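Undergrad: my questions concern the predicted model and sequence given below.
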Amino acid sequence: MAEILQFGALVPATVGACCTAWPGRSGRVLAAISAAVMLLAMFDQTTRMLGLPPLAWATVLVLLAIASAAALRPAARNVIGRGRPSATSIAHHRAMTLHSSIGLIVMAGLVVLMGSGSSPGSPVGELGMVGMHGGALGSSPHGSLLAPFAIAGSAVFVVYSVVLARALLPPRGRRARLALVEVTCMAASVAGMVAMLVV
């Protein structure tokens, strides 16, 4: 079951990252970098191939969320290239940036929580998603303290994703279709990671 949930979380995250980095989406360079880092963090927690501590990944994800929020205003002015952006374009860009920033913070919490479900002698754990049985909730004091906040934040993120996805319906043009897939996949990925914590 754990392997199925891991696959179910990584696949939508990969699809969402591809949509974020799709060529021609102006004003999305930082978002593409953030999506790639988020995907790497999830992959590392699954395979431990890179071997970075969960806390290190979480720190990078939070910093990227802050950078995305800080770059929101200047990026909105150039969201459709050299021309003057419309109010709709700016609103769309702000909504997607907010969604990405919240997702980064939520994923940071989930990554740390995943790492907390391992050896007692480690502050955040050395084993990632692989090898977890019966979920990671309550398996360490760190996980017990962080779990309510991480799950609540994940719920808020999924709800916001649903609201944003409904606002994008029906998708008009390639940009709207990519945004819809990106939002849906990020929500599915977060939901999959939460499922791994409780199963």
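TA: Perfect, thanks for sending it.
Undergrad: tell me where the model's unsure across the chain.
TA: Within the chain, the stretches with pLDDT under 70 are 1-3, 24-27, 73-87, 117-144.
Undergrad: quick check, central residue of it?
TA: In the chain, the residue lying closest to the centroid (CA atoms, centre = their mean) is residue 103, at 4.0 Å.
Undergrad: can you tell me how far that one is from residue 57?
TA: Going from residue 103 to residue 57 by CB to CB, to the nearest Å gives 14 Å. Where you see a C-beta, it was placed from the backbone N, CA and C, and this is true even at glycine.
Undergrad: go on, residue 34?
TA: From residue 34 to residue 57 the distance is 12 Å (CB to CB).
Undergrad: wait, residue 65 touches residue 104, no?
TA: Yes: Residue 65 lies in contact with residue 104 (CB atoms under 8 Å); the separation is 3.8 Å.
Undergrad: the more surrounded of these two?
TA: residue 104 (27 against 21; other CB atoms under 10 Å).
Undergrad: what distance separates the strand or helix carrying that one from the centre of its chain?
TA: Residue 104 belongs to helix 87-115 when assigned by DSSP states H and E. Per CA atoms, centre = their mean, to the nearest Å, the displacement of helix 87-115 from the mean C-alpha position of its chain is 6 Å.
Undergrad: report the buried residues of it.
TA: Buried residues in helix 87-115, counted by 16 or more other CB atoms under 10 Å: 89-90, 92-93, 95-97, 99-115.
Undergrad: do a quick rundown of the helices in this protein.
TA: Per DSSP state H, the chain carries helices over the ranges 2-20, 29-47, 54-70, 72-77, 87-115, 141-167, 174-198.
Undergrad: with just CA atoms, put the first one into PDB.
TA: Written as PDB, here are the backbone C-alpha positions of helix 2-20 (Å, rounded to 0.1, in the frame of the first residue of the first chain):
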ATOM      1  CA  ALA A   2       2.800   2.400   0.900                       C
ATOM      2  CA  GLU A   3       4.400   1.900  -2.500                       C
ATOM      3  CA  ILE A   4       1.100   2.600  -4.300                       C
ATOM      4  CA  LEU A   5       0.700   5.800  -2.300                       C
ATOM      5  CA  GLN A   6       4.300   6.900  -3.000                       C
ATOM      6  CA  PHE A   7       3.700   6.400  -6.800                       C
ATOM      7  CA  GLY A   8       0.300   8.100  -6.500                       C
ATOM      8  CA  ALA A   9       2.000  11.200  -4.900                       C
ATOM      9  CA  LEU A  10       5.000  11.400  -7.300                       C
ATOM     10  CA  VAL A  11       3.200  11.000 -10.600                       C
ATOM     11  CA  PRO A  12       0.900  14.000 -10.200                       C
ATOM     12  CA  ALA A  13       3.800  16.000  -8.700                       C
ATOM     13  CA  THR A  14       5.800  15.200 -11.900                       C
ATOM     14  CA  VAL A  15       3.000  16.200 -14.200                       C
ATOM     15  CA  GLY A  16       2.400  19.400 -12.300                       C
ATOM     16  CA  ALA A  17       6.100  20.300 -12.400                       C
ATOM     17  CA  CYS A  18       6.100  19.800 -16.200                       C
ATOM     18  CA  CYS A  19       3.000  22.100 -16.600                       C
ATOM     19  CA  THR A  20       4.700  24.700 -14.500                       C
END
